[in-house]
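Participant: Have a look; sequence and predicted model below, questions after that.
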Amino acid sequence: MESATTAVCDFINKVPFYVKASVGAVVAGITIIVVHRKLKTKKRDIPRDAIILHQPWYGPYQMVPFALKVETYLRIMKIPYKLDVSDEKGPKGKYPWIEYNDQVIPDSSFIIKFVNKTFNVDLDKGLNPEQLAVAHGFRKMLEENTYWAIIMNRWYFESTAFKKVGLPWILSPLIPYFKRSLLNTTYNHGIGRHSHDEINEIMKEDLNAVSKFLGKKRFLLGDKPCQADCAVFGQLVQCYWHSFGNISEKTLKGGNVYALTVALDRWVYNGSRKVLAFMGFPGFVEYFARRMVKKATWAHGIGRHTQEEVYGIMREDIGNLSNFLEFPNLCLYCERMKETFWPDWDDCITHGGTREATS
Ligand SMILES: N[C@@H](CCC(=O)N[C@@H](CS)C(=O)NCC(=O)O)C(=O)O
(Lines give C-alpha, C1' and ligand atoms only; values in the text may rest on other atoms or scores of the structure.)
Protein backbone atom coordinates (compact mmCIF):
# COMPACT_ATOMS: atom_id res chain seq x y z
CA MET A 1 0.00 0.00 0.00
CA GLU A 2 2.77 2.33 1.04
CA SER A 3 4.69 1.61 -2.16
CA ALA A 4 1.58 2.35 -4.25
CA THR A 5 1.23 5.74 -2.50
CA THR A 6 4.93 6.44 -3.08
CA ALA A 7 4.58 5.51 -6.75
CA VAL A 8 1.62 7.92 -7.13
CA CYS A 9 3.57 10.71 -5.38
CA ASP A 10 6.60 10.05 -7.60
CA PHE A 11 4.41 10.18 -10.67
CA ILE A 12 2.85 13.50 -9.58
CA ASN A 13 6.30 14.94 -8.87
CA LYS A 14 7.44 14.01 -12.35
CA VAL A 15 4.51 15.75 -14.07
CA PRO A 16 5.73 19.11 -15.49
CA PHE A 17 4.51 22.23 -13.68
CA TYR A 18 2.58 23.63 -16.67
CA VAL A 19 0.53 20.40 -16.92
CA LYS A 20 -0.31 20.57 -13.19
CA ALA A 21 -1.21 24.26 -13.55
CA SER A 22 -3.47 23.59 -16.56
CA VAL A 23 -5.26 20.69 -14.82
CA GLY A 24 -5.70 22.89 -11.73
CA ALA A 25 -7.11 25.74 -13.82
CA VAL A 26 -9.53 23.42 -15.63
CA VAL A 27 -10.79 21.92 -12.34
CA ALA A 28 -11.13 25.40 -10.80
CA GLY A 29 -12.91 26.65 -13.92
CA ILE A 30 -15.43 23.81 -13.93
CA THR A 31 -16.09 24.32 -10.21
CA ILE A 32 -16.68 28.05 -10.73
CA ILE A 33 -19.13 27.38 -13.59
CA VAL A 34 -21.09 24.75 -11.62
CA VAL A 35 -21.33 26.89 -8.45
CA HIS A 36 -22.23 29.99 -10.52
CA ARG A 37 -25.07 28.09 -12.26
CA LYS A 38 -26.41 26.64 -9.02
CA LEU A 39 -26.49 30.09 -7.42
CA LYS A 40 -28.23 31.62 -10.42
CA THR A 41 -30.94 28.99 -10.83
CA LYS A 42 -32.57 29.47 -7.48
CA LYS A 43 -36.34 29.56 -7.43
CA ARG A 44 -37.92 32.60 -9.08
CA ASP A 45 -41.34 34.18 -9.02
CA ILE A 46 -42.79 33.94 -12.48
CA PRO A 47 -45.27 36.72 -13.30
CA ARG A 48 -48.59 35.57 -14.83
CA ASP A 49 -49.58 36.42 -18.39
CA ALA A 50 -46.17 37.72 -19.45
CA ILE A 51 -43.67 35.92 -21.60
CA ILE A 52 -40.40 35.17 -19.84
CA LEU A 53 -37.70 35.06 -22.48
CA HIS A 54 -34.65 33.07 -21.43
CA GLN A 55 -31.25 33.76 -22.90
CA PRO A 56 -27.75 33.33 -21.50
CA TRP A 57 -26.78 36.97 -21.07
CA TYR A 58 -27.70 40.47 -22.19
CA GLY A 59 -25.15 42.99 -23.35
CA PRO A 60 -22.85 44.51 -24.10
CA TYR A 61 -23.30 42.20 -27.09
CA GLN A 62 -26.29 40.19 -28.21
CA MET A 63 -24.55 37.11 -29.53
CA VAL A 64 -27.58 34.82 -29.51
CA PRO A 65 -29.22 35.56 -32.87
CA PHE A 66 -32.21 33.32 -32.17
CA ALA A 67 -33.00 35.22 -28.95
CA LEU A 68 -32.64 38.53 -30.78
CA LYS A 69 -35.06 37.22 -33.39
CA VAL A 70 -37.70 36.39 -30.74
CA GLU A 71 -37.23 39.65 -28.86
CA THR A 72 -37.52 41.66 -32.06
CA TYR A 73 -40.73 39.81 -32.92
CA LEU A 74 -42.20 40.47 -29.46
CA ARG A 75 -41.33 44.15 -29.85
CA ILE A 76 -42.88 44.41 -33.32
CA MET A 77 -46.07 42.67 -32.14
CA LYS A 78 -46.09 44.64 -28.84
CA ILE A 79 -46.37 41.50 -26.73
CA PRO A 80 -45.44 41.98 -23.04
CA TYR A 81 -42.28 40.13 -22.08
CA LYS A 82 -39.61 40.00 -19.45
CA LEU A 83 -36.07 38.77 -19.86
CA ASP A 84 -34.43 36.11 -17.77
CA VAL A 85 -30.68 35.96 -18.22
CA SER A 86 -29.98 33.55 -15.40
CA ASP A 87 -28.22 31.21 -17.84
CA GLU A 88 -30.63 28.37 -17.22
CA LYS A 89 -30.90 26.11 -20.25
CA GLY A 90 -34.27 25.11 -21.63
CA PRO A 91 -35.66 21.61 -22.15
CA LYS A 92 -33.85 21.21 -25.49
CA GLY A 93 -30.56 22.47 -24.08
CA LYS A 94 -30.46 25.62 -26.25
CA TYR A 95 -31.39 29.28 -26.08
CA PRO A 96 -33.83 30.91 -26.38
CA TRP A 97 -36.78 29.35 -24.63
CA ILE A 98 -39.82 30.92 -23.02
CA GLU A 99 -42.13 30.39 -20.10
CA TYR A 100 -45.70 31.55 -20.30
CA ASN A 101 -47.80 30.84 -17.25
CA ASP A 102 -47.33 27.07 -16.83
CA GLN A 103 -46.04 26.39 -20.33
CA VAL A 104 -42.44 26.07 -21.47
CA ILE A 105 -41.55 26.44 -25.15
CA PRO A 106 -38.04 26.07 -26.54
CA ASP A 107 -36.81 27.03 -30.05
CA SER A 108 -37.25 30.46 -31.64
CA SER A 109 -39.52 29.30 -34.46
CA PHE A 110 -41.81 27.30 -32.16
CA ILE A 111 -41.88 30.28 -29.81
CA ILE A 112 -43.07 32.59 -32.60
CA LYS A 113 -45.77 30.07 -33.59
CA PHE A 114 -46.83 29.87 -29.94
CA VAL A 115 -46.96 33.66 -29.64
CA ASN A 116 -49.08 33.92 -32.79
CA LYS A 117 -51.54 31.32 -31.51
CA THR A 118 -51.73 32.54 -27.92
CA PHE A 119 -52.04 36.25 -28.69
CA ASN A 120 -53.90 35.79 -31.95
CA VAL A 121 -51.38 37.78 -34.00
CA ASP A 122 -49.43 37.06 -37.19
CA LEU A 123 -46.98 39.42 -38.82
CA ASP A 124 -47.14 37.36 -42.01
CA LYS A 125 -50.89 37.76 -42.44
CA GLY A 126 -51.63 38.90 -45.95
CA LEU A 127 -48.49 37.48 -47.54
CA ASN A 128 -49.07 35.15 -50.48
CA PRO A 129 -47.72 31.56 -50.56
CA GLU A 130 -44.88 32.49 -52.89
CA GLN A 131 -43.69 35.27 -50.57
CA LEU A 132 -43.96 32.96 -47.57
CA ALA A 133 -41.90 30.32 -49.37
CA VAL A 134 -39.13 32.78 -50.26
CA ALA A 135 -39.06 34.18 -46.70
CA HIS A 136 -38.86 30.64 -45.34
CA GLY A 137 -35.95 29.84 -47.65
CA PHE A 138 -33.91 32.90 -46.63
CA ARG A 139 -34.57 32.33 -42.95
CA LYS A 140 -33.49 28.71 -43.15
CA MET A 141 -30.39 29.54 -45.16
CA LEU A 142 -29.22 32.12 -42.63
CA GLU A 143 -30.12 30.08 -39.56
CA GLU A 144 -28.96 26.66 -40.66
CA ASN A 145 -25.98 27.62 -42.79
CA THR A 146 -24.67 31.19 -42.45
CA TYR A 147 -25.07 31.03 -38.66
CA TRP A 148 -22.51 28.24 -38.44
CA ALA A 149 -19.98 30.16 -40.53
CA ILE A 150 -20.42 33.16 -38.22
CA ILE A 151 -20.00 30.92 -35.16
CA MET A 152 -16.85 29.28 -36.58
CA ASN A 153 -15.33 32.68 -37.38
CA ARG A 154 -16.17 34.05 -33.95
CA TRP A 155 -15.30 31.15 -31.67
CA TYR A 156 -13.09 28.76 -33.62
CA PHE A 157 -10.88 30.71 -36.01
CA GLU A 158 -10.50 33.70 -33.66
CA SER A 159 -10.39 34.16 -29.90
CA THR A 160 -11.23 37.87 -29.45
CA ALA A 161 -14.84 37.07 -28.54
CA PHE A 162 -13.75 35.20 -25.39
CA LYS A 163 -12.25 38.42 -24.08
CA LYS A 164 -15.28 40.43 -25.16
CA VAL A 165 -17.67 38.25 -23.18
CA GLY A 166 -15.42 38.71 -20.17
CA LEU A 167 -14.14 35.15 -19.83
CA PRO A 168 -12.01 35.18 -16.67
CA TRP A 169 -8.34 34.45 -17.41
CA ILE A 170 -8.46 31.45 -15.08
CA LEU A 171 -10.86 29.80 -17.53
CA SER A 172 -8.70 30.44 -20.60
CA PRO A 173 -7.17 26.92 -20.50
CA LEU A 174 -10.70 25.72 -21.33
CA ILE A 175 -10.70 27.53 -24.68
CA PRO A 176 -9.00 24.69 -26.62
CA TYR A 177 -11.57 22.21 -25.23
CA PHE A 178 -14.40 24.55 -26.20
CA LYS A 179 -12.92 24.90 -29.69
CA ARG A 180 -12.58 21.14 -30.05
CA SER A 181 -16.17 20.62 -28.98
CA LEU A 182 -17.32 23.29 -31.48
CA LEU A 183 -15.34 21.58 -34.21
CA ASN A 184 -17.07 18.28 -33.36
CA THR A 185 -20.49 19.91 -33.54
CA THR A 186 -19.77 21.68 -36.82
CA TYR A 187 -18.11 18.56 -38.26
CA ASN A 188 -21.37 16.71 -37.61
CA HIS A 189 -23.30 19.58 -39.18
CA GLY A 190 -20.96 19.41 -42.19
CA ILE A 191 -19.57 22.94 -42.33
CA GLY A 192 -16.74 22.08 -39.94
CA ARG A 193 -15.23 19.82 -42.62
CA HIS A 194 -14.39 22.82 -44.80
CA SER A 195 -11.32 25.08 -44.65
CA HIS A 196 -11.54 28.65 -43.32
CA ASP A 197 -11.47 30.03 -46.87
CA GLU A 198 -14.21 27.68 -48.00
CA ILE A 199 -16.38 28.62 -44.99
CA ASN A 200 -15.95 32.30 -45.84
CA GLU A 201 -16.88 31.59 -49.42
CA ILE A 202 -20.06 29.90 -48.16
CA MET A 203 -20.88 32.90 -45.98
CA LYS A 204 -20.22 35.41 -48.76
CA GLU A 205 -22.53 33.54 -51.12
CA ASP A 206 -25.33 33.55 -48.52
CA LEU A 207 -24.92 37.26 -47.77
CA ASN A 208 -24.78 37.99 -51.45
CA ALA A 209 -28.08 36.16 -51.98
CA VAL A 210 -29.83 38.14 -49.21
CA SER A 211 -28.31 41.37 -50.46
CA LYS A 212 -29.41 40.76 -54.05
CA PHE A 213 -32.93 39.84 -52.96
CA LEU A 214 -33.26 42.77 -50.54
CA GLY A 215 -32.04 45.22 -53.19
CA LYS A 216 -33.43 48.64 -52.36
CA LYS A 217 -36.42 47.37 -50.37
CA ARG A 218 -36.85 48.49 -46.74
CA PHE A 219 -37.52 44.99 -45.46
CA LEU A 220 -37.15 41.52 -46.91
CA LEU A 221 -40.54 41.48 -48.64
CA GLY A 222 -41.21 45.16 -49.12
CA ASP A 223 -42.19 48.18 -47.07
CA LYS A 224 -43.45 46.21 -44.09
CA PRO A 225 -41.43 43.74 -42.00
CA CYS A 226 -42.34 40.05 -41.97
CA GLN A 227 -41.46 37.29 -39.49
CA ALA A 228 -38.34 36.36 -41.44
CA ASP A 229 -36.99 39.90 -40.99
CA CYS A 230 -36.56 39.14 -37.29
CA ALA A 231 -34.42 36.13 -38.17
CA VAL A 232 -32.46 37.99 -40.86
CA PHE A 233 -31.78 40.85 -38.42
CA GLY A 234 -30.75 38.40 -35.69
CA GLN A 235 -28.10 36.85 -37.93
CA LEU A 236 -26.87 40.01 -39.71
CA VAL A 237 -26.36 41.78 -36.37
CA GLN A 238 -23.81 39.09 -35.58
CA CYS A 239 -21.66 40.17 -38.54
CA TYR A 240 -22.43 43.87 -38.36
CA TRP A 241 -21.94 44.68 -34.68
CA HIS A 242 -20.73 41.58 -32.90
CA SER A 243 -17.89 40.07 -34.88
CA PHE A 244 -15.15 42.35 -33.48
CA GLY A 245 -13.50 43.09 -36.79
CA ASN A 246 -13.21 39.46 -37.87
CA ILE A 247 -13.82 38.16 -41.39
CA SER A 248 -17.63 37.97 -40.90
CA GLU A 249 -17.69 41.72 -40.29
CA LYS A 250 -15.27 42.46 -43.11
CA THR A 251 -17.32 40.40 -45.53
CA LEU A 252 -20.53 42.22 -44.66
CA LYS A 253 -19.11 45.72 -44.48
CA GLY A 254 -16.73 45.47 -47.40
CA GLY A 255 -16.76 49.04 -48.65
CA ASN A 256 -17.07 50.55 -45.17
CA VAL A 257 -13.94 48.87 -43.94
CA TYR A 258 -12.24 49.82 -47.14
CA ALA A 259 -13.10 53.48 -46.58
CA LEU A 260 -11.73 53.27 -43.05
CA THR A 261 -8.49 51.66 -44.19
CA VAL A 262 -8.06 54.42 -46.74
CA ALA A 263 -8.70 57.04 -44.02
CA LEU A 264 -6.15 55.38 -41.76
CA ASP A 265 -3.63 55.18 -44.51
CA ARG A 266 -4.15 58.79 -45.51
CA TRP A 267 -4.28 60.33 -42.04
CA VAL A 268 -2.30 58.10 -39.76
CA TYR A 269 0.32 56.29 -41.79
CA ASN A 270 1.01 58.37 -44.86
CA GLY A 271 0.56 61.78 -46.26
CA SER A 272 -1.36 63.52 -43.44
CA ARG A 273 0.98 66.54 -43.60
CA LYS A 274 0.51 66.88 -47.34
CA VAL A 275 -3.28 66.60 -47.07
CA LEU A 276 -3.38 69.18 -44.26
CA ALA A 277 -1.07 71.55 -46.12
CA PHE A 278 -3.28 71.20 -49.17
CA MET A 279 -6.26 72.12 -46.94
CA GLY A 280 -4.37 75.12 -45.59
CA PHE A 281 -3.73 73.86 -42.05
CA PRO A 282 -0.42 74.51 -40.25
CA GLY A 283 1.93 71.54 -39.65
CA PHE A 284 1.29 71.08 -35.90
CA VAL A 285 -2.38 70.21 -36.56
CA GLU A 286 -1.09 66.89 -37.90
CA TYR A 287 -0.62 65.48 -34.41
CA PHE A 288 -4.25 66.17 -33.45
CA ALA A 289 -5.59 64.98 -36.79
CA ARG A 290 -3.73 61.69 -36.42
CA ARG A 291 -4.99 61.25 -32.86
CA MET A 292 -8.58 61.98 -33.85
CA VAL A 293 -8.55 59.47 -36.69
CA LYS A 294 -6.81 56.88 -34.56
CA LYS A 295 -9.42 57.31 -31.82
CA ALA A 296 -12.36 57.03 -34.21
CA THR A 297 -10.94 53.98 -35.93
CA TRP A 298 -9.94 52.45 -32.60
CA ALA A 299 -13.59 52.51 -31.55
CA HIS A 300 -14.51 50.81 -34.81
CA GLY A 301 -11.81 48.21 -34.31
CA ILE A 302 -9.69 48.67 -37.41
CA GLY A 303 -7.47 51.28 -35.76
CA ARG A 304 -6.14 48.55 -33.46
CA HIS A 305 -4.31 46.82 -36.30
CA THR A 306 -0.75 47.45 -37.41
CA GLN A 307 0.00 49.32 -40.61
CA GLU A 308 0.91 46.03 -42.30
CA GLU A 309 -2.37 44.41 -41.22
CA VAL A 310 -4.36 47.42 -42.39
CA TYR A 311 -2.74 47.17 -45.82
CA GLY A 312 -3.63 43.47 -45.89
CA ILE A 313 -7.28 44.31 -45.10
CA MET A 314 -7.23 46.99 -47.78
CA ARG A 315 -5.96 44.57 -50.42
CA GLU A 316 -8.59 41.99 -49.41
CA ASP A 317 -11.36 44.62 -49.52
CA ILE A 318 -10.38 45.81 -52.97
CA GLY A 319 -10.73 42.19 -54.13
CA ASN A 320 -14.10 41.80 -52.41
CA LEU A 321 -15.51 45.14 -53.51
CA SER A 322 -15.59 44.17 -57.14
CA ASN A 323 -17.84 41.20 -56.36
CA PHE A 324 -19.94 42.50 -53.50
CA LEU A 325 -20.85 46.07 -54.16
CA GLU A 326 -24.40 45.58 -52.84
CA PHE A 327 -23.52 44.65 -49.27
CA PRO A 328 -23.88 48.19 -47.95
CA ASN A 329 -27.64 47.61 -48.30
CA LEU A 330 -27.37 44.90 -45.61
CA CYS A 331 -25.54 47.34 -43.33
CA LEU A 332 -28.27 49.94 -43.87
CA TYR A 333 -30.86 47.25 -43.21
CA CYS A 334 -29.30 46.55 -39.77
CA GLU A 335 -29.38 50.26 -38.98
CA ARG A 336 -32.99 50.54 -40.15
CA MET A 337 -34.20 47.56 -38.08
CA LYS A 338 -32.39 48.98 -35.06
CA GLU A 339 -33.85 52.46 -35.50
CA THR A 340 -37.37 51.16 -36.09
CA PHE A 341 -37.71 48.44 -33.47
CA TRP A 342 -34.81 49.01 -31.10
CA PRO A 343 -34.64 52.75 -30.34
CA ASP A 344 -33.31 51.70 -26.92
CA TRP A 345 -30.65 49.39 -28.41
CA ASP A 346 -27.78 51.15 -26.69
CA ASP A 347 -29.46 51.02 -23.29
CA CYS A 348 -30.52 47.41 -23.66
CA ILE A 349 -27.69 45.83 -25.58
CA THR A 350 -24.65 48.06 -25.36
CA HIS A 351 -25.18 48.74 -21.66
CA GLY A 352 -26.99 45.47 -21.18
CA GLY A 353 -27.76 43.93 -17.89
CA THR A 354 -28.53 47.31 -16.39
CA ARG A 355 -32.15 47.33 -17.38
CA GLU A 356 -34.97 44.99 -18.20
CA ALA A 357 -36.70 45.46 -21.52
CA THR A 358 -40.45 45.16 -21.35
CA SER A 359 -42.85 46.18 -24.04
N1 LIG B 1 -33.21 26.11 -33.68
C2 LIG B 1 -32.90 26.84 -32.46
C3 LIG B 1 -31.41 27.18 -32.44
C4 LIG B 1 -30.99 27.80 -31.13
C5 LIG B 1 -29.48 27.82 -30.95
O6 LIG B 1 -28.73 27.25 -31.73
N7 LIG B 1 -29.04 28.47 -29.88
C8 LIG B 1 -27.63 28.50 -29.53
C9 LIG B 1 -27.22 29.92 -29.21
S10 LIG B 1 -27.26 30.96 -30.60
C11 LIG B 1 -27.40 27.69 -28.27
O12 LIG B 1 -28.19 27.72 -27.37
N13 LIG B 1 -26.28 26.99 -28.19
C14 LIG B 1 -25.89 26.31 -26.98
C15 LIG B 1 -25.66 24.86 -27.20
O16 LIG B 1 -25.79 24.37 -28.34
O17 LIG B 1 -25.33 24.22 -26.21
C18 LIG B 1 -33.77 28.08 -32.37
O19 LIG B 1 -34.25 28.54 -33.40
O20 LIG B 1 -34.01 28.57 -31.26
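Facilitator: Looks like it came in fine. Being a predicted model, the structure only gives us computed values, none of them experimental. Numbering: from 1, shown residues only.
Participant: Show me what from the protein comes close to the ligand.
Facilitator: With CB under 6 Å from any ligand atom as the criterion, the chain meets the ligand at residues 64-66, 93-96, 107-109. In this view, the C-beta of every residue, glycine as well, is placed from N, C-alpha and C.
Participant: try 8 Å this time
Facilitator: The chain has residues 56, 63-67, 69-70, 89, 92-97, 106-111, 143, 147, 151, 185 near the ligand, with proximity defined as CB under 8 Å from any ligand atom.
Participant: Narrow these to those in strands?
Facilitator: Among the residues of the chain next to the ligand, the residues falling in strands (DSSP state E) are 97, 106.
Participant: Buried subset of the residues of the chain next to the ligand, written for PyMOL?
Facilitator: With 16 or more other CB atoms under 10 Å as the criterion, this PyMOL line picks the buried residues out of the residues of the chain next to the ligand:
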select buried, resi 63+64+65+66+67+69+70+95+96+97+106+107+108+111+143+147+151
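Participant: check contacts around the residue of the stretch 101-250 of the chain found nearest the ligand.
Facilitator: In the stretch 101-250 of the chain, the residue found nearest to the ligand is Ser108; the distance is 3.5 Å by CB to the nearest ligand atom. Counting by CB atoms under 8 Å, 6 or more residues apart in numbering, Ser108 touches 66-67, 69-70, 96, 231.
Participant: of those residues, closest to the ligand?
Facilitator: When the contacts of Ser108 are compared for distance to the ligand (CB to the nearest ligand atom), Phe66 comes out closest, at 3.8 Å.
Participant: Can you report phi and psi for the residue lying closest to Arg193 once chain neighbours are set aside?
Facilitator: What sits nearest to Arg193 in space, not counting adjacent residues and going by CB to CB, 6 or more residues apart in numbering, is Tyr187, at 5.9 Å. Main-chain torsions, Tyr187, degrees, to the nearest 10: phi -70, psi -40.
Participant: Next, count neighbours for Tyr187.
Facilitator: By the measure other CB atoms under 10 Å, the count of residues near Tyr187 is 12.
Participant: Over to Val27?
Facilitator: Residue neighbour count, defined by other CB under 10 Å, stands at 10 for Val27.
Participant: quick one: it from the ligand, how far?
Facilitator: Using CB to the nearest ligand atom, to the nearest Å, Val27 is found at 22 Å from the ligand.
Participant: Confirm that that residue sits in a helix.
Facilitator: Yes: going by DSSP: H, G, I helix; E, B strand; the rest coil, the assignment for Val27 places it inside a helix.
Participant: need the contact list for it.
Facilitator: Listed by CB under 8 Å, 6+ apart, the contact set of Val27 is empty.
Participant: which element is the residue nearest to His194 when sequence neighbours are not counted on?
Facilitator: Distances taken as CB to CB, 6+ apart place Ile202 nearest to His194, at 7.0 Å, with adjacent residues excluded. Using DSSP states H and E, Ile202 falls within helix 196-214.
Participant: Identify each buried residue in that helix, please.
Facilitator: By neighbour count on 16+ other CB under 10 Å, the buried set for helix 196-214 is 199-200, 202-204, 206-208, 210-211, 214.
Participant: Need the max-distance pair from those.
Facilitator: Farthest-apart pair in the buried residues of helix 196-214 is Ile199 and Leu214; separation 22.7 Å (CB to CB).
Participant: sorry, back to before: pLDDT value on the residue of the stretch 101-250 of the chain closest to the ligand, please?
Facilitator: Ser108 carries a pLDDT score of 98 in this model.
Participant: now it, nearest residue through space, not along the chain?
Facilitator: If you skip the residues right next to it in sequence, Ser108 has Phe66 as its closest partner in space, 4.1 Å away by CB to CB, 6+ apart.
Participant: That neighbour and Ser195: what is the separation?
Facilitator: Applying CB to CB, to the nearest Å, one obtains 27 Å for the distance of Phe66 from Ser195.
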